[in-house]
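*Asks:* sharing a model prediction with you, sequence too.
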Amino acid sequence: MKSYSTARTILFWMLMVIVAVVLWKMASPSDQSARGREIIYSDLIAQVEKENVREVTLYISEYSYELQGEYREPTSKFFVKMPKEFAPDLLRALQQKGVPIRTMEVYQGTWTSILLNGLPIILLVAFWIFMVRQMRVGKGALWWARRLALPRLGLGYDLHRLEYGRKLIVGGIEMPFEKGPVSHSDGDVLTHAICDALLGAAGAGDIGTLFPDTDPKWKGASSLVFLKHVATVLAERKLHIGHIDAVVIAERPKLGPHFPAMREAMARALQIKPAQISLKAKTNEGVDAVGRGEAIAAHAIATLEA
Ligand SMILES: [Zn+2]
C-alpha cells in the first residue's frame, strides 16, 4: 500500500513537470532561428531598392516594430528591429516596389503576455509551496502527503521490582507466577512502556504526569485503563498509531505463549489491530537485578501518523 502511493506520488510529480514544460513551450515566443539573420535598417532599404525582397511581415508591438522577411537572391530570411517612426517611410518604399506586406500585432510587454509567459513558473512555485505545506505532519495534511511524511517516533521504558505474593500482569494479562511487581498501579511494565512511547511520539508528556502515583484514583488501576486514556489523548490530537514494537525483559516466567492474548488485550484498549503490536521476550542472561529475577523491564517504540 505504501509503495503504491509513493509510486503514485512520483507519477503525479512527473506529470506536473511535463505539464509545466508543455505550458512553457506554448507560452514562449516562437523559435528565434526561424527569423533568420538580423540586419540593419539601411541594409533593408538598399535591398528594397534592388527589388531583392520577396515578402515581409511586420510585427507591431507597443514599443517597437520588427520586420521579418525573405530575400530573393540568395534566398534567405532576415529580420530588422526599428523604432515606430521609421515604419511609414519603409512601408511606402515596400509598397512602391510591390512587395506583399502582412502585419501582425504582438502583445509584448502587456499583462496578458507577462501572465502567459510567467504562468508555468507561478504555477510551479505555488504548487511547490503547497507541497511543502502539505508535507508537514499535521491535521491539515492530505492523505498522500501524510503517507509521504515521516511518522512521529516515540520511545518508552519501564522497570518494576518483583516481590513474592504479588500478581504479575504483563500486557494486560495476568500470569501464574510466584512474584509480582511493586507498584502503585498494577505494575504492568509492558503497558507502561507502550504508554510512554505513544505519549512521547505525540509530545504529550509521560505516564508519570498523566497518571501520578500520588493520585489515589490510580491505586491498583488496570494499566489497560491507562492505554485507553492514551488513545483518547492521541485521538484529540488527530494522531493515529502506525506500529508498536516492544521487548519485555524477564528471567522468568516464559512470556511468549501469552503474547497473542497480550496483543489482543492492548489492541482492544488502543482500538487498533493486534497486527500493529509486535512483542518480543528476552532474559537478562542471569546478570543484574532483572537477571536475578528481582525485577522486570520493558522497552517500547511507537510510530504515529497524522
Ligand atoms: Zn510502570
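*Replies:* Okay, I see it.
*Asks:* contact partners for the residue in the chain that the ion sits nearest to?
*Replies:* For the chain and the ion, the shortest gap (C-beta to the ion) falls at residue 192, measuring 3.5 Å. The way it works is simple: take the backbone N, C-alpha and C, and place the C-beta from them, glycine included. Shown in contact with residue 192 (C-beta atoms under 8 Å, 6 or more residues apart in numbering): 156, 158, 207, 223, 226, 298.
*Asks:* sec struct for it, please.
*Replies:* helix (DSSP: H, G, I helix; E, B strand; the rest coil).
*Asks:* what's the spacing between it and residue 13?
*Replies:* 43 Å (C-beta to C-beta, to the nearest Å).
*Asks:* what sits against residue 171?
*Replies:* For residue 171, the contacting residues are 188, 190, 191, 248, 258, 259, 261, 262, 263, 265, 266, 279, by C-beta under 8 Å, 6+ apart.
*Asks:* the stretch 101-250 of the chain against the ion: which residues are in contact?
*Replies:* 158, 192 (C-beta under 5 Å from the ion).
*Asks:* how about the helices in the stretch 101-250 of the chain?
*Replies:* For the stretch 101-250 of the chain, the helices defined by DSSP state H, counting those that start in this stretch occupy 111-135, 143-148, 189-202, 207-210, 223-236.
*Asks:* list the buried residues of the last one.
*Replies:* Read that as helix 223-236. By neighbour count on 16 or more other C-beta atoms under 10 Å, the buried set for helix 223-236 is 223, 224, 225, 226, 227, 230, 231, 233, 234.
*Asks:* quick one: the strands in the stretch 201-306 of the chain, in order.
*Replies:* With strands called from DSSP state E, counting those that start in this stretch, the stretch 201-306 of the chain shows them at 240-249, 277-282, 295-305.
*Asks:* Serialize those strands to a markdown table and add fields for mean neighbour count and mean pLDDT.
*Replies:* Shown next, in a markdown table, are the strands of the stretch 201-306 of the chain (neighbours: other C-beta atoms under 10 Å; pLDDT from 0 to 100):
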| stretch | mean neighbour count | mean pLDDT |
| --- | --- | --- |
| strand 240-249 | 20 | 97 |
| strand 277-282 | 18 | 97 |
| strand 295-305 | 23 | 96 |
